[in-house]
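> what would the 3D arrangement of this be:
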Amino acid sequence: MKRIIYISTLFVIVLTSCTTVKLAVPEQFSSQSTSMHVKGLNGWMVNQKLSFGNYYTSAVKRGWNVSSTGTDRPSGVTTEDRLLKMFNVEKSNVTLNQKNKYQFTVQDGNQSAEVFCIEKVTKEQLVVKTNTWWGDTHQTKNYQYSFSAAILPLKVKEDAPWQLVLYNNYDRNKDTAHHFFDLPYLEEEGYITNGTETIHIKPLRIQQFVRKDGREAKFPVRMMSGYELRIDDGVVGIIDSFDNNIWMYNELDSDTKLLLAAVSSALMLRKIQDTIH
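Residues are numbered from 1 along each chain as shown. Model prediction:
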């Protein structure tokens, strides 16, 4: 795998029309890279296939998207619970579990790789039922999202499989967000490794954007807009989740490009939102 040295500069979001939002990739990277628009993410999901550049996937085979919700058994009735009950207010702790899995093959006409994916989320919430026109309120106490994938290059010479891991964890007791527009504190990490080499996955959250008239402005909070794929301190790929584009550094070898195509496809095909809301 060829090492790339490139230090990321400022990313911004560009509003190109009333409905189009795209990530403005720094010229230092875009001038040495190729942008590919991903087709197949929207519309009919049966026999879904993706295509971008000279890459294309087989029909995505999905398992059941399984969800379950359970109310935690209270450890005891507190004075607060008794007072709330007097006003017909009920408080309970609810745990939501969700799991999704899918698999596909990605190829470029010469090489191919099998990709097996699974994502899970567990969310613990405090639910307060007021039994009035105010409705119910929900407060997230803990949240864990994990995504993993096994990527197996199909070659005559057997290569070690690649493992993709992406997760984030939210614990309200550790949250440092104190203002309305503060983002919650998340513990997060993402990487792809074959045991010898590692590519890091860095979430891109953008607050600054450019209006249609060219003026700069800011969103109230940083918006999740995609991912950087990094080798050491160098960016080798960018996933633009706003405009469904994938950028790849031109000087990569074909094996690494196929790996980035598999990683990008796997991340874009997820069905569970990795957010605490």
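
> what is the end-to-end distance of stretch 29-43?
31 Å (CA to CA, to the nearest Å).

> contact partners of it?
6, 8, 25, 48-53, 55, 57, 235, 238, 243-251, 264-265, 268-269 (CB atoms under 8 Å, 6 or more residues apart in numbering). Glycine gets a C-beta too; all of them are placed from N, C-alpha and C.

> which of those residues are buried?
With burial judged by 16 or more other CB atoms under 10 Å, the buried subset of the contacts of stretch 29-43 is 6, 8, 25, 48, 50, 52, 55, 57, 235, 238, 243-249, 264-265, 268-269.

> please narrow those residues to those residing in strands.
Mapping these onto strands (DSSP state E) picks out F52, Y55, T57, V235, I238, N245, I246, W247, M248, Y249.

> in those residues, find the pair that's most separated.
T57 and V235 (23.9 Å; CB to CB).

> so how far is H200 from the closest residue to V66 other than its chain neighbours?
With sequence-adjacent residues excluded and distances taken as CB to CB, 6 or more residues apart in numbering, V66 is closest to K99, at 4.9 Å. Using CB to CB, to the nearest Å, K99 is found at 26 Å from H200.

> what's the following helix or strand after the strand or helix carrying the residue nearest to V66?
Under the criterion of DSSP states H and E, K99 resides in strand 90-107. Using DSSP H and E, the helix or strand that directly follows strand 90-107 along the chain is strand 112-129.

> flag every buried residue along that next one.
112-117, 119-121, 123-125, 128.

> adding distance to S30 and pLDDT, write the residues you listed out as CSV.
Output for these, formatted as CSV (distance: CB to CB, whole Å; pLDDT from 0 to 100):
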residue, distance to S30, pLDDT
S112, 28, 95
A113, 26, 96
E114, 31, 96
V115, 27, 97
F116, 32, 97
C117, 29, 96
E119, 30, 94
K120, 35, 92
V121, 34, 89
K123, 37, 84
E124, 42, 84
Q125, 42, 75
V128, 49, 69
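
> so can I have TSV of these showing distance to L164?
Output for the buried residues of strand 112-129, formatted as TSV (distance: CB to CB, whole Å):
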residue	distance to L164
S112	17
A113	12
E114	13
V115	9
F116	10
C117	8
E119	11
K120	14
V121	17
K123	22
E124	26
Q125	28
V128	38
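
> list the helices and strands the strand holding K99 packs on?
strand 55-57, strand 61-62, strand 66-71, helix 79-86, strand 112-129, helix 254-268 (3 or more CB pairs under 8 Å, 6 or more residues apart in numbering; DSSP states H and E).

> neighbouring contacts of the second one?
With CB under 8 Å, 6+ apart as the test, strand 61-62 has contacts from M45, N100, K101, Y102, Q103, F104.

> quick one, what contacts the fourth one?
For Y102, the set of contacting residues under the criterion of CB under 8 Å, 6+ apart consists of V60, K61, R62, G63, C117, L269.

> can we see that at 10 Å?
48, 60-63, 65, 115-119, 149, 266, 269-271 (CB atoms under 10 Å, 6 or more residues apart in numbering).

> kindly report the same for T198.
When contacts are counted by CB under 10 Å, 6+ apart, T198 is found next to M1, W162, Y191, I192, R230, I231, D232.

> and what of L154?
Contacts for L154 (CB under 10 Å, 6+ apart) come out as T105, Q107, Q111, S112, A113, E114, L258.

> if I look at it, how far off is N245?
Distance check for L154 against N245: by CB to CB, it reads 26 Å.

> how about T196?
Noted for T196: a distance of 30 Å to N245, by CB to CB.

> how about L252?
Distance, L252 to N245, using CB to CB: 17 Å.

> again, but for G237
Counting by CB to CB, the gap from G237 to N245 is 11 Å.

> overlap in contacts, these two.
Common neighbours of G237 and N245 (CB under 10 Å, 6+ apart) are S264.
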